[in-house]
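Visitor: One predicted model, sequence on top.
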Amino acid sequence: MADLLRLENVSKVYSRGLIGSHATVALKDFSLTLKEDEPTILTVAGESGSGKTTLAMLLLGFIHQSAGRIIYRGKDVAKLHGADKLAYRREVQAVFQDPFAVFNPFYTVDHLLSVPIRHFKLAGSKAEARRKMEEALTAVGLRPEDILGRFPHQLSGGQRQRINVARALLLKPRLLIADEPVSMVDASLRATILETLRNLQRDHGVSIIYITHDLTTAFHIAKSIIVLYRGSVMEAGDVDQVIKDPQHPYTQLLVDSIPWPNLDQRWGAQPIKAREIGGSAEGCRFRPRCPKAMDICKQEPPLFRLGDKHADACFLHDSQPQMPPERLSELLPV
Ligand SMILES: Nc1ncnc2c1ncn2[C@@H]1O[C@H](COP(=O)(O)OP(=O)(O)OP(=O)(O)O)[C@@H](O)[C@H]1O
């Protein structure tokens with residue numbers, strides 16, 4: 001089976017000072033392979049400064065590696081030119097952390113979406129361009145009639161981030177680099193955006209490199225994970241395996257730093273009774289780490305979904321520290 005993307009011992013050294021006397025090794029001997037016919041979600045996780053954004057920048061061609069090779073569909077990315085380079089730029093798209101920074105406040109959403117359509121000549125007429133915009137917005141769970149014609153300040157952070165995903169989707173990418181896409185959106189919208197990414201992988205065959213410092217969201221969304229520390233790979237493998245049974249001390253530290261809720265804690269007058277939601281916890285992904293919270297999980301929760309009672313409980317499980325008390329008692333009525 002052909003490779004979609006292959007990184008072979010990629011390193012990036014930033015040099016500073018007059019004669020490059022200060023050097024930072026941001027990425028060291030980094031390798032990975034994504035298969036063309038197996039769209040997947042791979043998380044690259046690590047603390048601040050571990051080299052995650054450097055990896056994203058290299059993949060998007062914004063910077064060049066100091067050593068190693070990046071091969072996309074059999075071709076060395078550093079040597080691409082002409083039509084191949086244009087295809088790479090179209091097929092490898094990005095969604096960044098800040099859903100606010102990428103919008104020009106003077107243009108409507110229509111304009112933002114029409115730019116890539118024009119640039120990559122994706123539509124033969126205005127009507128076709130409009131149809132493509134509507135399709136992309138619908139695919140990310142937005143109603144085109146609510147969104148088109150609006151200015152950025154008239155949209156929520158979650159809507160803006162989904163518009164960014166829609167913009168990427170317009171180009172029919174094969175690979176999406178999602179660099180901390182939910183870290184700046186409200187906790188209640190994270191699930192929606194993560195689910196949008198998951199749909200992209202499942203329904204549109206897009207492989208996603210999900211870059212994050214947050215192992216909780218990585219756990220929900222990814223199939224496999226690479227843990228970076230100071231530019232080097234500490235551990236890699238199936239996400240369930242790595243997070244449930246971390247082998248490397250650094251990964252253990254990262255996993256141990258995930259905040260776990262105290263389900264006996266009371267908010268105001270309303271005690272939280274997770275057990276009332278009921279059911280056994282067979283298959284709960286958190287079972288090895290959270291014997292109490294597992295009582296709320298009836299089924300394998302591949303992705304939490306707001307609005308679903310069981311999954312709300314799992315959402316609570318992840319995010320309790322950030323949830324206001326009134327929302328908690330609403331989710332888990334006694
Ligand atoms: N342009 C640059 N010049 C010099 N050093 C840099 C440059 N960009 C990043 N670095 C250094 O490279 C290392 C990796 O940085 P990078 O931004 O890739 O980490 P990160 O994991 O994305 O961090 P964060 O989660 O905080 O964004 C850090 O030590 C950083 O200081």
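Guide: Yep, it's here.
Visitor: my guess is residue 216 is in a helix, correct?
Guide: Yes. Assessed by DSSP: H, G, I helix; E, B strand; the rest coil, residue 216 belongs to a helix.
Visitor: burial measure for it, as a count.
Guide: Neighbours of residue 216 under the rule other Cβ atoms under 10 Å: 16. For every residue, glycine as well, the C-beta is placed using N, CA and C.
Visitor: Ok, residue 114 next?
Guide: Residue 114: 20 neighbours (other Cβ under 10 Å).
Visitor: got a list of what it touches?
Guide: 129, 133 (Cβ atoms under 8 Å, 6 or more residues apart in numbering).
Visitor: is it true that residue 228 touches residue 46?
Guide: Yes. Checked against Cβ atoms under 8 Å, the pair residue 228 and residue 46 is within contact range at 3.6 Å.
Visitor: Common neighbours of those two, please.
Guide: Between them, residue 228 and residue 46 share the contacting residues residue 52, judged by Cβ under 8 Å, 6+ apart.
Visitor: What residues does the residue of the stretch 101-250 of the chain found nearest the ligand make contact with?
Guide: Using Cβ to the nearest ligand atom, the closest approach of the stretch 101-250 of the chain to the ligand is made by residue 213 at 5.5 Å. When contacts are counted by Cβ under 8 Å, 6+ apart, residue 213 touches 45, 46, 47, 48, 52, 180, 183.
Visitor: can you tell me which of these are in helices?
Guide: If you go by DSSP state H, these have residue 52 in helices.
Visitor: ok, which of the contacts of residue 213 also contact the ligand?
Guide: 46, 48, 52 (Cβ under 6 Å from any ligand atom).
Visitor: wouldn't residue 190 be in contact with residue 214 here?
Guide: No. Applying Cβ under 8 Å as the test, residue 190 and residue 214 come out as separate, 9.2 Å apart.
Visitor: anything in contact with each of those two?
Guide: Common neighbours of residue 190 and residue 214, using Cβ under 8 Å, 6+ apart, are residue 182.
Visitor: Those two: who's more crowded?
Guide: Under the criterion of other Cβ under 10 Å, the comparison of residue 190 against residue 214 puts residue 190 first, with 25 against 18.
Visitor: quick check, distance from the one helix or strand residue 228 maps to to the centre of its chain.
Guide: If you go by DSSP states H and E, residue 228 is part of strand 224-229. Distance, stretch centre to chain centre, for strand 224-229: 14 Å (Cα atoms, centre = their mean, to the nearest Å).
Visitor: what do you get for stretch 181-192?
Guide: From the chain centre to the centre of stretch 181-192 is a distance of 10 Å (Cα atoms, centre = their mean).
Visitor: where exactly do the strands run in the stretch 1-150 of the chain?
Guide: 3-16, 22-35, 41-45, 67-72, 75-76, 92-95 (DSSP state E, counting those that start in this stretch).
Visitor: Name the residues of the stretch 101-250 of the chain found near the ligand, please.
Guide: residue 213.
Visitor: for the stretch 101-250 of the chain, what spans make up the helices?
Guide: Secondary structure of the stretch 101-250 of the chain (DSSP state H, counting those that start in this stretch): helices at 109-119, 126-139, 144-147, 157-170, 187-204, 215-221, 239-244, 249-256.
Visitor: highest average neighbour count across those helices?
Guide: Ranked by mean neighbour count, these are led by helix 157-170 with a mean of 24 (mean count of other Cβ atoms under 10 Å).
Visitor: Just give me the neighbour total for residue 79.
Guide: By other Cβ under 10 Å, 9 other residues sit near residue 79.
Visitor: Retrieve the pLDDT associated with it.
Guide: Reported pLDDT at residue 79 in the predicted model: 93.
Visitor: same question, residue 29
Guide: 95.
Visitor: can you pull the contacts of the residue nearest to it when sequence neighbours are not counted?
Guide: Nearest residue to residue 29, sequence neighbours excluded (Cβ to Cβ, 6 or more residues apart in numbering): residue 9, at 4.8 Å. Taking Cβ under 8 Å, 6+ apart, we find residue 9 in contact with 29, 30, 31, 67, 68, 69.
Visitor: now, which of those residues sits nearest the ligand?
Guide: Closest to the ligand, out of all of the contacts of residue 9 and judged by Cβ to the nearest ligand atom, is residue 30, at 11.3 Å.
Visitor: State the number of residues packed around the closest one.
Guide: For residue 30, using other Cβ under 10 Å, the count is 25.
Visitor: wait, doesn't it sit right on residue 11?
Guide: Yes. With contact defined as Cβ under 8 Å, residue 30 and residue 11 form a contacting pair (7.1 Å).
Visitor: Need the overlap of contacts for the two.
Guide: Going by Cβ under 8 Å, 6+ apart, residues that sit against residue 30 and also against residue 11 are 68, 231.
Visitor: Break the protein down into its domains, please.
Guide: The chain breaks down into these domains under automatic domain parsing: 37-65+75-255, 266-331.
Visitor: Good, wrapping up.
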